[in-house]
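Peer 1: please work out how this folds:
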Amino acid sequence: MHMNVIIGTGLPPADHALEVVERKGAGHPDTLADGVAEAVSRSYSRYCLDEFGAILHHNADKTALLGGAADVRFGHGELTAPITALVNGRFTAALGDAAIPVEAIIEAAVREYLADALPRLDVTRDLVLRPRVTQASSPGAVLGETDAQQAGRRFWFAPRSLDDLAERTRLFANDTSAGVGYAPSGIAEQVAIAVEAELTGSQQACPQPWLGTDVKIMVVRHGNQVHVTACVPQIAEYTPDLSTYVGRRARLRELIAEIAEETAPHCVIEAAVNTRDNDERQELYLTAIGSSLESGDEGVVGRGNRTNGVISMLRPWSAEGVSGKNPVYHVGKLYNLAAQHAAERLHAETGRTVAVALVSQSGRDLDDPWQTVVQTSSEEPLSEPLVRKVIAEVVTDLDSLRARLLVGDLATA
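Peer 2: Presented below is the predicted three-dimensional model:
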């Protein structure tokens, strides 16, 4: 391993005086787009493994969801125009003469995922799928005397056999990119995750049929002052009138404040809910299926939570869209997950706040990052032998990350 290791100091600690943190909930359109893209990649990967013993080249990380339209009133909500799923990317459509039912795999994965994520959405009536997939190679497939070479760029998405999968001989980075992770999480991050998880998770503190999942949490912390603003939808069918809506909104504010206080017991909590509501005009966060995706909002891969579940504006993060990328060699996926794992390991071993950036170089061995940058909150830099040991163990065990991704056990957003 020849990676260059850079170790620095000056990183603000996790309990630094300022935090600005956002978490997009389970039913937020961007979270749903990430989930759809990852479900498609996972389903395609499993099909390839079952049929051929290898994951063929693909990516769905440019997926987008386009919102429909809804008729919403107290006691009633229904979609009047469907949601559209645009699964954009590239998929190998055949291995030699063995055709792969790409569009069928995509359709089944999208409908299954959205049916589970939005139980009130009729995925047979109110969901339109538009797969936009190609088999074009990235630049590099120069035609000529090299056409017949094994594992050439010409056969990147049209392999004649498994021998045309270059990564089976040498696993290398598909791009020059960077993955970033840090640990530990800050107080505001913990609050954002705890509040959203309680409202939309399986163990809801408020398990009511009127509660939608397109929850968004914004937390600003200044010292021990924690300000929380939450957007929480209510389901129209289970909301008979304005007074019911207003009463629930008040209870939600109290519940969110309680969760925040439990998560950050030494902080002063201020909570607000649905601040855009105008009760007199009856402009409210009232929905048919619990997500703004029903009424014109859009979701796009990469605009949602980072791999640690939050968007933390004052801490290091990558703009890579992780979900939907090929789990075999796409560094935009693997290096973000690996960097987060490495940061957690280094924090556990040193007790310091740590940030890790793994920088790839296109074509370089995947288990040998071009540059590794580690920054810590202490005045003394971390030990280089420790850093090299942890990074080496993480990047040479990417198979464990892939295994967890393939069973849906590792979140990508």
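
Peer 1: by residue count, tell me the biggest helix in the chain.
Peer 2: helix 29-52 (DSSP state H).

Peer 1: residues in contact with the very next helix or strand once past that one?
Peer 2: Sequence-wise, the next helix or strand downstream of helix 29-52 (DSSP states H and E) is strand 58-59. Outside of strand 58-59, the residues within contact range by C-beta atoms under 8 Å, 6 or more residues apart in numbering are 41, 44-45, 89-92, 324-326, 330. (Each C-beta comes from the backbone N, C-alpha and C, glycine too.)

Peer 1: parallel or antiparallel, which strands does strand 58-59 pair with?
Peer 2: strand 83-91 (antiparallel) (DSSP bridges).

Peer 1: what are the ranges of the strands in the stretch 51-200 of the chain?
Peer 2: Using DSSP state E, counting those that start in this stretch, the strands of the stretch 51-200 of the chain run over 58-59, 64-66, 69-73, 76-81, 83-91, 94-95, 98-99, 127-134, 178-183.

Peer 1: these: which one's closest to residue 152?
Peer 2: Comparing these by their distance to residue 152 (C-beta to C-beta), the top pick is strand 94-95, with 15.7 Å.

Peer 1: check the offset of that closest one from the chain's centre.
Peer 2: The chain centroid and the centroid of strand 94-95 are separated by 29 Å, computed with C-alpha atoms, centre = their mean, to the nearest Å.

Peer 1: neighbouring strands for that strand, and are they parallel or not?
Peer 2: Partner strands for strand 94-95, per DSSP bridges, with pairing direction: strand 98-99 (antiparallel).

Peer 1: follow-up on the earlier one: check which helices and strands the longest helix of the chain is in contact with.
Peer 2: For helix 29-52, the elements it packs on are strand 58-59, strand 64-66, strand 83-91, helix 102-117, strand 298-300, helix 398-406, judged by 3 or more C-beta pairs under 8 Å, 6 or more residues apart in numbering; DSSP states H and E.

Peer 1: of all these, which one is nearest residue 336?
Peer 2: Across these, residue 336 has its closest neighbour in helix 398-406 (10.2 Å, C-beta to C-beta).

Peer 1: what lies in contact with the closest one?
Peer 2: By C-beta under 8 Å, 6+ apart, the surrounding residues in contact with helix 398-406 are 38, 42, 45-46, 49, 327-328, 333-334, 337-338, 341, 366-367, 410, 412.

Peer 1: 7 Å instead?
Peer 2: Counting contacts by C-beta atoms under 7 Å, 6 or more residues apart in numbering, the residues outside helix 398-406 that touch it are 42, 45-46, 327, 334, 337-338, 366-367, 410.

Peer 1: most neighbours among these, please name it.
Peer 2: Greatest neighbour count in these, by other C-beta atoms under 10 Å, goes to residue 334: 27 neighbours.

Peer 1: any idea how far the nearest residue to that one once chain neighbours are set aside is from residue 303?
Peer 2: Setting aside the residues directly before and after it, residue 334 is nearest to residue 398 in space (C-beta to C-beta, 6 or more residues apart in numbering), at 5.6 Å. Per C-beta to C-beta, to the nearest Å, residue 398 is found 26 Å from residue 303.

Peer 1: repeat that for residue 95.
Peer 2: Plainly put, residue 95 is 33 Å away from residue 303 if you go by C-beta to C-beta.

Peer 1: next: residue 211.
Peer 2: Per C-beta to C-beta, residue 211 is found 24 Å from residue 303.

Peer 1: can you count the residues close to residue 257?
Peer 2: Neighbours of residue 257 under the rule other C-beta under 10 Å: 18.

Peer 1: that one is in what secondary structure piece?
Peer 2: Assigned by DSSP H and E, residue 257 falls within helix 242-263.

Peer 1: what's the following helix or strand after that helix?
Peer 2: Sequence-wise, the next helix or strand downstream of helix 242-263 (DSSP H and E) is strand 268-273.

Peer 1: I'd like the mean pLDDT over whichever helix or strand comes after that following strand, please.
Peer 2: Towards the C-terminus, the helix or strand next in line after strand 268-273, according to DSSP H and E, is strand 286-287. Along strand 286-287, the predicted local confidence has a mean pLDDT of 98.

Peer 1: now what about strand 286-287, what contacts it?
Peer 2: 72, 77, 212, 233-236, 239, 245, 294.

Peer 1: by neighbours, which of those wins?
Peer 2: In terms of neighbours by other C-beta under 10 Å, those top out with residue 294 at 31 neighbours.

Peer 1: need the phi and psi values for it.
Peer 2: The phi and psi torsions at residue 294 (degrees, to the nearest 10) take the values phi -70, psi -20.

Peer 1: with residue 44 as the reference, measure out to it.
Peer 2: 27 Å.

Peer 1: give me the number of residues near the closest residue to residue 63 other than its chain neighbours?
Peer 2: Spatial nearest neighbour of residue 63, chain neighbours left out: residue 37 (4.1 Å); criterion: C-beta to C-beta, 6+ apart. By other C-beta under 10 Å, 35 other residues sit near residue 37.

Peer 1: I'd say residue 37 and residue 301 touch.
Peer 2: Yes - the pair residue 37 and residue 301 qualifies as a contact (C-beta atoms under 7 Å) at a distance of 4.8 Å.

Peer 1: what's the overlap in contacts for the two?
Peer 2: Once C-beta under 7 Å, 6+ apart is applied, the residues that residue 37 and residue 301 both contact turn out to be 61, 63, 323-324.

Peer 1: what is the most widely separated pair among those residues?
Peer 2: Greatest spatial distance in those: 63 and 323, 8.0 Å, computed using C-beta to C-beta.

Peer 1: need the residues touching each of the two.
Peer 2: 37, 301.
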